[in-house]
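Undergrad: just coords:
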């Protein structure tokens, strides 16, 4: 299964829309995960024609987003347990703060810091796609792709031009 992952789109407060190159990359995914800070639900409307979407809310989301979406998700795909959360607090130590939320997961997808991360720690993949619209804390905008196949995880961060 191929999963497209994004976070921190901040539309329309920072970005006007999801970048066309990201939408093109998501044309062949089986699932899309948004790790919060959509700001408005219309972001999901732009993604749902491409693939089923799972999303959590973030700290900057409007009240209607927070009413519609959970603060965290657990997804099981081919025996792999994936946790999804936005995150909170300072960027330093974020992965350590979110780890207790998903003690049994093989992969934790998160956002909040706008800084991409693809890191294995103690057998758990921590994946932050960065932001496709706001490079406040990163030199580039980015998103991620993740493949789940035969109980294995393999992914990558995609940097936008």
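TA: Received it, and whenever you're ready, just let me know what you need. If you're wondering where the values come from, they're calculated on a predicted model, not measured in any experiment. Residues are numbered from 1 along each chain as shown.
Undergrad: only C-alpha atoms for contact and neighbour calcs from this point on.
TA: OK.
Undergrad: what's in contact with stretch 29-41?
TA: Residues outside stretch 29-41 that contact it (C-alpha atoms under 8 Å, 6 or more residues apart in numbering): 1-13, 26, 47, 50-62, 64-65, 84-86, 109-112.
Undergrad: any chance of a PyMOL selection covering the buried ones in the residues you listed?
TA: Buried subset of those, written as a PyMOL selection, criterion 16 or more other C-alpha atoms under 10 Å:
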select buried, resi 2+3+4+5+6+7+8+9+10+11+26+47+50+51+53+54+55+56+57+58+59+60+61+65+84+85+86+109+110+111+112
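Undergrad: name the nearest residue to residue 146, ignoring sequence neighbours.
TA: Among residues not flanking residue 146 along the chain, residue 155 sits closest, at 4.0 Å (C-alpha to C-alpha, 6 or more residues apart in numbering).
Undergrad: mind giving me the packing neighbours of the host helix or strand of the one you found?
TA: Residue 155 belongs to strand 152-159 when assigned by DSSP states H and E. Here strand 152-159 touches strand 117-121, strand 142-149, going by 3 or more C-alpha pairs under 8 Å, 6 or more residues apart in numbering; DSSP states H and E.
Undergrad: and if we set it to 7 Å?
TA: Contacts defined by 3 or more C-alpha pairs under 7 Å, 6 or more residues apart in numbering; DSSP states H and E place strand 152-159 against strand 142-149.
Undergrad: which residues does residue 73 bridge with?
TA: Residue 73 forms beta bridges with residue 84, as assigned by DSSP bridges.
Undergrad: please apply the same query to residue 128.
TA: Applying DSSP bridges to residue 128 gives these bridge partners: residue 117.
Undergrad: now do the contacts for the nearest residue to residue 98 once chain neighbours are set aside.
TA: Distance criterion C-alpha to C-alpha, 6+ apart; nearest residue to residue 98, sequence neighbours excluded, is residue 87 at 6.5 Å. Contact analysis of residue 87 by C-alpha atoms under 7 Å, 6 or more residues apart in numbering lists 94, 98, 110, 111, 112.
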